[in-house]
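Chemist: turn this into a model:
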Amino acid sequence: MATEDAAHGEGGGLAIHPMDQFIVKPLFGDGPVMWYTPTNVTLWMAVAVVCTILLMVIGTRGRNVVPSRAQSMGELAYGFVYKMVEDVSGRDGVKYFPYIMTLFIFIVFANMLGLLPMAFTTTSHIAVTAVLAMLVFLTVTILGFVKNGAGFLSLFWVSSAPLALRPILAIIEIISYFVRPVSHSIRLAGNLMAGHAVIKVFAGFAGAMGLASFVPILAITAIYALEVLVAFIQAYVFTILTCVYLKDALHPHH
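Modeler: Numbering: from 1, shown residues only. Model prediction:
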């Protein structure tokens, strides 16, 4: 969180640009960003992937009776997500546990890495979270039709409601179903972006208040601690919603 953006502007006012930290920049040169251009986003996504592999593949390969720190972390994450999948999606959902586990660990690392100084928070960009949400949406939709055929459409037909209300409820259910990837992605990106922007604003004040800078520094410390919690909670929320959508695909009947 650099404080150089907290310089005074030409008019003598305090110039703080909290959104500059979310700008996508090429890693090499200053040219335009094309779809194939390596950027700070792709760099930190790759770092998150490497961290996921190091923890879940390299860190647990020994399968020691007395686990190492990495193995202990991997086992705790494994047990936490496995129970989540089993409790929410049922026993039928356990076979899809590897995908959900990978999703959870990747988002946790992406969120946590974004809290490092000079790092880039990839999950603060809607382009990243939208892809993750669309992958979940397409996966559960395709799975729903593969498992249930046309019976998957019963998800939108509330048979327990009065007959006259069922068509109206069906329209509402269809709209809410297709809104899922939007809310799924915006929830994650919005929470991460808001927290980091607030930290940057307080960092700007700290760089401009001189001896009184201890006040915004204390605020930054408190918000940073909250953001560590938010980083985990948002990964949990994204994952548990994935489990809920998976349950609907496996058991669509109301």
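Chemist: for the longest helix anywhere in the chain, packing partners?
Modeler: As assigned by DSSP state H, the longest helix anywhere in the chain is helix 166-208. Secondary-structure packing of helix 166-208 (3 or more C-beta pairs under 8 Å, 6 or more residues apart in numbering; DSSP states H and E): helix 126-148, helix 214-250. C-betas here are computed from N, CA, C, even on glycine.
Chemist: give me the element Pro252 is part of.
Modeler: Counting by DSSP states H and E, no helix or strand carries Pro252.
Chemist: how close does it get to Ser159?
Modeler: Pro252 is 11 Å from Ser159, where distance means C-beta to C-beta, to the nearest Å.
Chemist: and if you look at Pro38?
Modeler: Taking C-beta to C-beta as the measure, Pro38 falls 52 Å from Ser159.
Chemist: what about those two, which has more around it?
Modeler: Of the pair Pro38 and Ser159, Pro38 is the one with more neighbours under other C-beta atoms under 10 Å, namely 12 against 9.
Chemist: I'd guessed that one sits against Gly29; true?
Modeler: No. Pro38 is beyond contact range of Gly29, at 10.2 Å (criterion: C-beta atoms under 8 Å).
Chemist: neighbours around Gly207, how many?
Modeler: Neighbour count of Gly207, defined by other C-beta under 10 Å: 19.
Chemist: contacting residues around Asn148?
Modeler: Ser154, Ala249, Pro252 (C-beta atoms under 8 Å, 6 or more residues apart in numbering).
Chemist: redo these as TSV? Include pLDDT.
Modeler: Compiled in TSV, the contacts of Asn148 are given as follows (pLDDT from 0 to 100):
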residue	pLDDT
Ser154	90
Ala249	93
Pro252	84
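Chemist: got the contact list for Val81?
Modeler: Phe97, Ile100, Met101, Phe104, Thr239.
Chemist: Throw those into JSON lines and include neighbour count and distance to Phe202, thanks.
Modeler: Converted to JSON lines, the contacts of Val81 look like this (neighbours: other C-beta atoms under 10 Å; distance: C-beta to C-beta, whole Å):
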{"residue": "Phe97", "neighbour count": "17", "distance to Phe202": "40"}
{"residue": "Ile100", "neighbour count": "23", "distance to Phe202": "35"}
{"residue": "Met101", "neighbour count": "20", "distance to Phe202": "35"}
{"residue": "Phe104", "neighbour count": "23", "distance to Phe202": "30"}
{"residue": "Thr239", "neighbour count": "23", "distance to Phe202": "30"}
